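Visitor: fold the following and give me the result.
(chains A and B)
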Amino acid sequence: MLGYLAKRLSYFAVLMLVAAFLAYLLAATALSPRAYFQARQPPPPAAQVDAQLASLGLDPRQPVLVRFAHWAGHAARGDLGLSIKGGSVNDEFGRRVGVSLRLLVLGTLLGTVLGVAVGVWGAVRQYRLSDRTTTLLAFVLLSTPTFLLALLLKIGALALNQATGRQLISFTGEATPDLRGSFATVLADRGVHLLLPTLSIGLATLASYSRYQRSAMLDVLGSDYLRTAEAKGLSRREVLVKHGLRTALIPMSTFFAFGFLGVLTGATFTEKIFGWHGMGEWFIDSINNNDVNAVVAVNLFAAGTVLCAGLLADLTHAALDPRVRH
Amino acid sequence: MLAEVADVAEHAPVRRARITLARFLRHRGAMAGTVVVALLFLLAFAGPHLTPWSYSDIDYAALRQPPSAAHWWGTNGIGQDIFSQTVRGLQKSLLIGLAVAVSATTLAALVGAVAGYFGGRSERVLLFVVDLLLIFPSFLIISIISPRLRSGGWVAFVGLLAVFGWMISARVVRTLTISLKERQFVRAAQFMGVRPLTIVFRHILPSTASFLIIDATIAVGGAVMTETSLSYFGFGVQPPDVSLGTLIADGTPSAVTYPWIFFFPAVLLVVFVVAVNLVGDGLRDAIDPTSGAAGGRPLVRATQPPGDAVLDIRDLRVSFGPAPILRGVDLTVRRGEVLGVVGESGSGKSMTALAALGLLPAGASVTGSIGVVGEQVVGANRRTLGRLRGNRVAIIFQDSLSALTPVYRIGDQIAEAVRAHRDVDRATARRRAVELLALVGIPDPQVRAQAFPEEFSGGMRQRVMIAMAIANDPDLIIADEPTTALDVTVQAQILDVLRTAQRETGAALVLISHDLGVIARMADRVAVMYAGRIVEHATTAELFARPLMPYTLGLIGAVPRPDVGRRQNLVPIPGRPPGPREHTGCPFADRCPMVEPACREAEPELLGRDGHEVACRRAGEIAERALTPTEVYGIPATRPPVPARGGEPVLDVRGLVKTFPRDRGKVFKKRVGSVHAVDGVDLRIGRGETLALVGESGCGKSTTLFEILGRTAPRTGSIELLGRPVDGTWDKAGDVQLVFQDPHASLDPRLPVGDIVAEPMRARRASAKAIAARVPEVLRLVGLEPGHAGRFPHEFSGGQRQRIAIARALSVEPALLVLDEPVSALDVSVQAGVLNLLRDLKERLGLAYLFVTHDLAVVATIADRVSVMYLGRIVETGDVDAVFGAPGHPYTRALLSAVPIPDPAVERGRERILLTGEPPGAGTRPTGCRFRSRCPRYAELGRPDVCAAQDPALTGDARRQTACHFATPATT
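Guide: Numbering: from 1, shown residues only, chains lettered A, B, ... in the order given. This is a model prediction of the structure:
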């Protein structure tokens, strides 16, 4: 098992390196940091722009591989360089990472747990009204891009607040600025702010999970070993949970790794729309600012979280299927 | 290549498409989706002509106007018409979605199929790219590149979306291809010499078509969603052009105050994607034959009180919707008794078994009565069923791999059965599981209990199933084809264990089997089933001595018997069993040689005296005249002996060795040794001669065969065809063709019979004229009609399909026909017809056969010579009469004695040699005699040293050669 983990980790490390390289290459060639400085009023002289670019490690006169080597040398020491605005990318990273992780973890948890539950329920009650209803709802959710879902939730909340005349649901930022009060008040405030962003990424995950889990469970429900379990005289619950769900969850662990990608992409929109100062918002702003170092940093974050999800999926797989551990 | 694709498309299976279409049309969601998609397309392309406004026109007089007559859907902040803007945006989004879906799916299909089929580097690169894309999501990449894209317009955008959108589908196509590659119809094409790319286009891609169509449909929705998301953030379609994404972005700030600006594009987007997904879902359901709701609520009602026998079935009727599976079954089984149930596949045997445990699939209507130890099973609640199942009545299924939960250890699965009915703690249950494993003959049970099902061989797993069944001392054990998938030696062991288990527990046993030999060995009474009813029922001795129903006579006459041999003329039952439906007359009438008009008027009842019941109008006559199977079916009892022609060798294999590297580790493979699958094999087949190669699974038969068919010179040893060493080239005179075991799997279901038969000729570039002339000829040769060329395989029965496979092999007039278990997947009644055909063809065409089989009874009927293989070696070879008459090798003796003979009088009086254990894996290459670990003679003689020290060579005369230090002398 340890050997297996070590192998996965080394493979992930290779992937991560290649991803970092490609991200840098892409960002450094596709973005044009010079445009950022030239857009200033009044436009600074060319020599000054060159100097500034060089100080960021983005001197266009150097070949891109040299720039990458320079960046990688710093990155290896834990320094992700300077942002185009002059601040340290590391500091910005530190400020934002927690914001994003909170959303990602909560959204994934919500989507995964509820998705699995809804999927199993739908499979067991195949073709009944409840199954058909959840199926239709899942289809509608799956057909709504996250950004639109987030917008709809926001518009809905706005309409609700207007109708009731009170700020029932807050949806801008992580917390009400300058809020004073007890710990409970602050916590409740944060909770309310979390509600819509979490829903908007969790619901999409929930919908796709429920579909996959439903079909995985249906496969298992038709299997011979479930019939054997039933023939032993086990109770329905034991048959469905111990023999059915356990095996139906195994293929889902692979899907978890793929599914996390959707969550990550969805979170980018969500942050931007709900005004959360997380990695996703940073990514979109950085592209618009032609901020190469920041874009690469966000890519590293994305790669890292996906790999963590992949590792978690591997561990879940091993936990569910003891044959892997052999 | 394109010509080939067109060629395939021309013969698209019309019927299948029609069925799929019908199912699709019945799918309400899919129909709604299709209509909506069609309407939206209409709106997108006809819409611009309906309004005077163009999408870029500005009406300064109307800023942020709500919907009105002038602006149907209102206007936005700068006075643009929302309707024309939305329609234009929809048009753009649809075009992008379609273009991306089509190009991405095409790319995915090609790359996936090629990577999956050819494997190697292309495959590794694909997998790495997919993994890379996972951690470096395409959304990020496209966002980064988008600034560069602004100059390229939306076509470049489509290209980008397609380039990053195909990988995951390609991965699925690759997985599909890998499993298709193992399918027999693909392997058949490989062995026929069809070129790899042709195989990919002709067999692989059409088989993935259903996935690709669904995938492309759903990809349209996905692409539209990606496009709108990117465009929303300004990374996609660039102004002044519009798409649904840019429109939604424009409408967002004023969504609450001026909702029309936002909601029209937003709702259209969701409606379109939902509709597309519904179409995709409907397609999936239409293509997958197992999907779809069962019609109506099933009726489950006990119509009689349960009897008090161990098993008491009265007038049991089971149906699925309008299709009756069981049509009134009556059965009684008393304590300690063994009831055999026989019949062709589809006769209702397994349904009866499942019904007895209340395990019928949902949707089954059940009436009648099933009493298990006095309790009613029909309509019983879960509690009652739970109390009975595994406790009073237990079942053993055929396929033990899929019948055991893959993720739990063997011991735990047995312990679970114990704990379901007994209030014992975990440790006690586990101890009991180990005891049970020991009881069913699993060596080292303490350790083996820790294994997972996949680590056990088929025979071992079947022992586990038995252990599980007897865990709670049941009153009744039902075994549904418990030995069907097993080797005869293992079958003999399992039957023995089953017997022991049954005696130990004193349980009654219902043994379901299609093998009359097994029934003859085990059963006290036999019930013969046909078309959902019992048609004959008697004690075993009586039934085999005086069968009264032509169907039973046919079944008995169809079984090849090793003790009769080549003279035996096998009785084929013509036609195929009727599908599930009600019958007005005798359901067997259409296949019955003794049918008379009255048979078709009313279904005969099961009547009889002295415990011999039969449902046949002519039974009295059959009894009176004591008719035999061959008499009833009007064929001669024996075949005239045909002298073996011998003569020049067609195939000459000498000293063939085939090793496989044995690797350890999954990621970093390390070669740790060699597996000697074939270890010095000699085979010689003369013109017009049949050589049978027999042995248990894993002995190296198949490897030998594939080496011969591979047509490349072996590394060690030599293979000569018609005196010429094989070297990979085609030789008209020295052609070898193959007939596979399973005719359902070895014929591509998507090709018409004519194309299937012509495939080897095409691979040899025969002219269209030659093909057109040859196809009807070979079809006639195998007993089919030339008109069958236009039909598809699924329209034929198993026996007919095997005839098609034989016709395909014969189309290129091969010198040698290799038959790999050609009849073992067929019902015995059908098997007889195919064996007779093979014998006729051989006599008429002078064909040489290499007949690979595990069934020694079949060997006795068809082969001239036999070679017995054990662990990569030939241990005995010679004339069938000489070898079977007086087997010299203890292994041959054991194999022969394990074959059940369908005659209880002979079967029960036989001396039986039970081999212990199973063949060791091919990886072991013991010194000395390889067989000695299982050899009864070695044990008997007190383990003589010579067996351990010296590897015995084949010695003997021309009639029989044996590789044993203590061979039984040949009879003269």
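Visitor: okay, and the closest residue to residue A:38 other than its chain neighbours sits in which element?
Guide: In space, residue A:38 comes closest to residue A:49 once its chain neighbours are excluded; the distance is 6.6 Å by C-beta to C-beta, 6 or more residues apart in numbering or on different chains. The C-beta positions use only the backbone N, C-alpha and C, and glycine is treated the same way. In this assignment (DSSP states H and E), residue A:49 forms part of helix A:46-55.
Visitor: that helix: which residues count as buried?
Guide: A:49, A:52, A:53 (16 or more other C-beta atoms under 10 Å in any protein chain shown).
Visitor: just those now: which is nearest residue A:85?
Guide: Set against residue A:85, the nearest of the buried residues of helix A:46-55 by C-beta to C-beta is residue A:52 (10.9 Å).
Visitor: relative to residue A:91, how far out is that closest one?
Guide: 19 Å (C-beta to C-beta, to the nearest Å).
Visitor: repeat for residue B:661
Guide: 55 Å.
Visitor: for the very next helix or strand once past the helix holding residue A:49, name the packing helices and strands.
Guide: Toward the C-terminal end, the helix or strand that comes next after helix A:46-55 (DSSP H and E) is helix A:64-76. In terms of contacts (3 or more C-beta pairs under 8 Å, 6 or more residues apart in numbering or on different chains; DSSP states H and E), helix A:64-76 is packed against helix A:2-30.
Visitor: could you give me the average pLDDT of the helix it packs on?
Guide: Across helix A:2-30, pLDDT averages out at 87.
Visitor: who does it touch, helix- and strand-wise?
Guide: helix A:64-76, helix A:292-320, helix B:120-135, helix B:138-149.
Visitor: what's the helix or strand just after the last one packed up against?
Guide: So the one you mean is helix B:138-149. Once helix B:138-149 ends, the next helix or strand along the chain (criterion: DSSP H and E) is helix B:153-163. Counting contacts by 3+ C-beta pairs under 8 Å, 6+ apart, helix B:153-163 is packed against helix B:82-118, helix B:138-149, helix B:205-232.
Visitor: so what touches helix B:153-163?
Guide: Helix B:153-163 is contacted from outside by B:92, B:96, B:99-100, B:103-104, B:107, B:142, B:145, B:149, B:223, B:226-227, B:236-238, B:241, B:243, using C-beta atoms under 8 Å, 6 or more residues apart in numbering or on different chains.
Visitor: surely residue B:172 and residue B:112 touch.
Guide: Yes. Using C-beta atoms under 8 Å, residue B:172 and residue B:112 qualify as a contacting pair, with a distance of 6.9 Å.
Visitor: buried stuff in stretch B:809-821?
Guide: Per 16+ other C-beta under 10 Å, stretch B:809-821 contains these buried residues: B:809, B:810, B:811, B:812, B:814, B:815, B:816, B:817, B:818, B:819, B:820, B:821.
Visitor: span of that stretch from start to end?
Guide: 15 Å (C-alpha to C-alpha, to the nearest Å).
Visitor: what's the answer for stretch B:535-546, then?
Guide: The first and final residues of stretch B:535-546 sit 14 Å from each other (C-alpha to C-alpha).
Visitor: buried residues in it?
Guide: Buried-residue list, stretch B:535-546, by 16+ other C-beta under 10 Å: B:535, B:536, B:537, B:538, B:539, B:540, B:541, B:542, B:543, B:544.
Visitor: before we move on, what about stretch B:887-906?
Guide: B:887-904.
Visitor: could you do stretch B:143-154 as well?
Guide: Quick answer for stretch B:143-154 (16+ other C-beta under 10 Å): B:143, B:144, B:145, B:146, B:147, B:149, B:154.
Visitor: quick one: average pLDDT of it?
Guide: 75.
Visitor: how about stretch A:248-267?
Guide: Computed over stretch A:248-267, the average pLDDT equals 84.
Visitor: same check, this time on stretch A:128-146
Guide: 91.
Visitor: so what's the gap between that stretch and the chain middle?
Guide: Centroid separation for stretch A:128-146 versus its chain: 22 Å, with C-alpha atoms, centre = their mean, to the nearest Å.
Visitor: how about stretch A:279-294?
Guide: For stretch A:279-294, the distance to the chain centre is 17 Å (C-alpha atoms, centre = their mean).
Visitor: then stretch A:175-189?
Guide: Mean-position distance between stretch A:175-189 and its chain equals 26 Å (C-alpha atoms, centre = their mean).
Visitor: thanks a lot, see you next time.
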